[in-house]
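[1] No sequence on hand, only this structure:
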């Protein structure tokens, strides 16, 4: 009998789930093929993300390094997913989660880290709110903070919009209210989530 509750493979890694934790182990071929930048989390970024105190981001626990001081595997909290979609959850859930996500994006900006990979598969819906996982592609950015803030906030919006579209097939084929509501420059608003909320409510839409 396996000691793990579940084991599943992703693009470039194997994830082992055991109780309240998961262990993500990168496939050795990635190192041989020079694919580190594409798939493997930077250990200095990991150390910064481990300190994050924001309910929207997964809790990172620890990592193991290989001989070249690259992350070989890392441990993080297991986050169970609710059996629903953003398209069927009250608007307040999405807006509160988006506000936390934008705060997380601003934290990354202050640390000089840019967000990447707003794949809907990297967003988990829980009873307590939206959670973001899989920060493997996050990297330090040497550019100016103004540009980075705009980029990261746009990524935060993209995470939520992509997750919504995933749960509403009609959104894939129609450029309608959700795309319009999220079509803002979030760097220009103190509270972009509030602006999006107003736009959605004015159209009497749902999330």
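    Sure thing, it's come through. Since the model is a prediction, treat every value here as computed from it, not as a measurement. Numbers count the residues shown, from 1 in each chain.
[2] Which residues outside stretch 86-102 are in contact with it?
    For stretch 86-102, the external contacting residues (CB atoms under 8 Å, 6 or more residues apart in numbering) are 54-56, 125, 129-130, 132, 153, 156-157, 159-160, 163-164, 166-168, 171, 186, 191-194, 196-197, 200-201, 205-207. (C-beta placed from N, C-alpha, C; glycine too.)
[3] Mind listing what's buried along it?
    In terms of neighbour count (16 or more other CB atoms under 10 Å), stretch 86-102 has its buried residues at 86-87, 89, 93-102.
[4] Please flag which of the contacts of stretch 86-102 sit within strands.
    Residues of those located in strands (DSSP state E): 125, 129-130, 132.
[5] Would you reformat those as CSV and include neighbour count and distance to residue 138?
    Below are the ones in strands among the contacts of stretch 86-102 laid out as CSV (neighbours: other CB atoms under 10 Å; distance: CB to CB, whole Å):
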residue, neighbour count, distance to residue 138
125, 22, 21
129, 17, 20
130, 22, 18
132, 25, 10
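[6] Closest to residue 115 out of those?
    When the ones in strands among the contacts of stretch 86-102 are compared for distance to residue 115 (CB to CB), residue 132 wins out at 8.8 Å.
[7] Okay, strands next: where are they in this structure?
    Taking DSSP E as the criterion, the chain carries its strands at 6-10, 13-18, 21-26, 60-65, 71-77, 113-114, 123-126, 129-132, 139-140.
[8] Check those for me: which has the lowest mean pLDDT.
    Sorting the strands of the chain by mean pLDDT places strand 6-10 lowest, at a mean of 86.
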